[in-house]
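J.: Could you work out the structure for the sequence below:
(one chain, ligands or ions: 1)
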Amino acid sequence: MTKIASNLQIDSARLWDSIHETAKFGATAKGGVRRLTLGPEDKQVRDWFRRACEAAGLEVHVDALGSMFGLRRGRDMSKPPVGLGSHLDTQPTGGKFDGVLGTLAALEVVRTLNDAGIETETPICIVNWTNEEGSRFAPAMMASAAYVGDFTTADILSRKDTDGVTVAEALDTIGYGGESPVGTQKFSGFVELHIEQGPILEAEGKTIGVVDSGQGVLWYDGRITGFESHAGSTPMPLRRDALATLAEIVLAVESIASKQAPSAVGTIGEAAIANPSRNVIPGEIVFTVDCRSADAAIMDAIDKELRAAAAAISARRKVEVALDLVWRKAPTRFDPKLVDAVEHAATALGYSHRRITSGAGHDACNLNTVMPAAMVFVPCKDGVSHNELEDATQADCTAGANVLMHTVLALAGVAS
Ligand SMILES: [Zn+2]
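T.: All right, here's what the predicted structure looks like:
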């Protein structure tokens, strides 16, 4: 690498300005952002991003699911580009940094290389993935999932939001149903910068998280069938109370996950009593379970223990407990070479760093199933995200973008 390239730093003020400029699209009163995927604010930020890419000399194309690709040519165009980017959609009450940082830092990398007159050996390509958040259309990360072949394009295009609008209609409305078939833009590898969305880096005073793994996910739909009866006249020993059963299951999930802490987490985030009434013993409850770990063996152990606990509680209480595994996502092991490249860049730039597991899902986790991928994390205030209070410092965002740039330069090579 040339001397210029090894000392190169991104323009911190320009990155910070871009983050705040795009935060206007869907700005909320509390300082957050509401930019649901494929809605009018998403169109505004997409138009902004397209103009910025074109101004930076990138060839922009859009795929059939609306993901945006900005290609910067390299010396050797026979090689696939190194990909970098994230997403520009947000949660309904989201923040300025989740996804936005990784996408705009990718743009900033291009702008910096342009300013320095650096040509890379292979091309690089910056990406804005459609619907990472999953709050308007399910599933989350749908575009990158389709890209890697987990879903067909037609399947995703037919998904509806709560108003019955399909992805295809929403893409049409904002003019982002692109020409390129999904999956045609190939990459030699992909690097995503993101805020941590957890408290570890901040608590340890580290600037960079070198993400080497991502958690696997177990999602269950549960149903408890007891027996509705009179709250006044049914003696305690004769009850088949669905809610009391759920209470035991909640504590079982907590205890099973806690036994594996810090390597697992478990949550019951939804529960609903059918026909609730203050003087009726609940007879039927549906609920969800979400368990996660970066270790497949721990996921297997959790599945076994959870089923055993549910069976024991069910037998003792004489109620039925059905537990359906509706989604199992294997843990992510990011590509060791790319992870090393991220770590090397952080070390060379003099930033404190540590290896870290991603607690949340990301497009890079999907992409890692078909290409080498890695992630760079920077701290966010109090570990808070998916919240209007989400915050990160300019210094940390700058550090993350510099690590992103030097990782990409190491992968793409500098033409001499
Ligand atoms: Zn995100």
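J.: Distance of W129 relative to I302?
T.: Look at W129 and I302: by Cβ to Cβ, to the nearest Å, they are 29 Å apart. The C-beta positions use only the backbone N, C-alpha and C, and glycine is treated the same way.
J.: More neighbours: which of those two?
T.: Legend: neighbour count by other Cβ atoms under 10 Å for W129 and I302, higher for W129 (32 against 24).
J.: For D221, which three-state class applies?
T.: Reduced to three states with DSSP: H, G, I helix; E, B strand; the rest coil, the structure at D221 is strand.
J.: Skipping its backbone neighbours, what lies nearest it in space?
T.: D324 (4.7 Å; Cβ to Cβ, 6 or more residues apart in numbering).
J.: Looks like T153 contacts L65 (just checking).
T.: Yes. Counting by Cβ atoms under 8 Å, T153 touches L65, with 6.3 Å between them.
J.: joint contacts of these two?
T.: Taking Cβ atoms under 8 Å, 6 or more residues apart in numbering as the contact rule, T153 and L65 both touch A146, V182.
J.: Comparing those two, which residue is more hemmed in?
T.: A count of neighbours by other Cβ under 10 Å puts L65 above the other of T153 and L65, at 29 against 18.
J.: Tell me the secondary structure at the more buried one.
T.: With three-state DSSP as the basis, the three-state label of L65 is coil.
J.: start the count at 14, not 1, going forward
T.: Okay, using 14 as the starting number, the last item reads as L78.
J.: Show me what from the stretch 14-163 of the chain comes close to the ion.
T.: With Cβ under 5 Å from the ion as the criterion, the stretch 14-163 of the chain meets the ion at residues D111, G112.
J.: Residue of the stretch 14-163 of the chain closest to the ion, please.
T.: Closest approach of the stretch 14-163 of the chain to the ion (Cβ to the ion) occurs at G112, with a separation of 3.9 Å.
J.: where does that residue fall, phi/psi-wise?
T.: With angles defined as degrees, to the nearest 10, G112 sits at phi 90, psi -40.
J.: Please name the nearest non-neighbouring residue to it.
T.: H100 (3.8 Å).
J.: Name all residues that make contact with the one you found.
T.: For H100, the contact set (Cβ under 8 Å, 6+ apart) comprises G112, G115, T116, N141, W142, T143, N144, E145, E146, D376.
J.: The worst-scoring helix or strand of the chain on mean pLDDT: what's the following helix or strand?
T.: Ranked by mean pLDDT, DSSP states H and E, the helix or strand of the chain with the weakest confidence is helix 16-20, at a mean of 71. Using DSSP states H and E, the helix or strand that follows helix 16-20 towards the C-terminus is helix 25-35.
J.: Now that next one: buried residues?
T.: Residues of helix 25-35 classed as buried by neighbour count (16 or more other Cβ atoms under 10 Å): S25, L28, W29, S31, I32, T35.
J.: now those residues as JSON lines including pLDDT?
T.: Below are these laid out as JSON lines (pLDDT from 0 to 100):
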{"residue": "S25", "pLDDT": "98"}
{"residue": "L28", "pLDDT": "98"}
{"residue": "W29", "pLDDT": "98"}
{"residue": "S31", "pLDDT": "98"}
{"residue": "I32", "pLDDT": "98"}
{"residue": "T35", "pLDDT": "97"}
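J.: out of those residues, who's nearest E132?
T.: Comparing these against E132 with Cβ to Cβ places L28 closest, at 21.8 Å.
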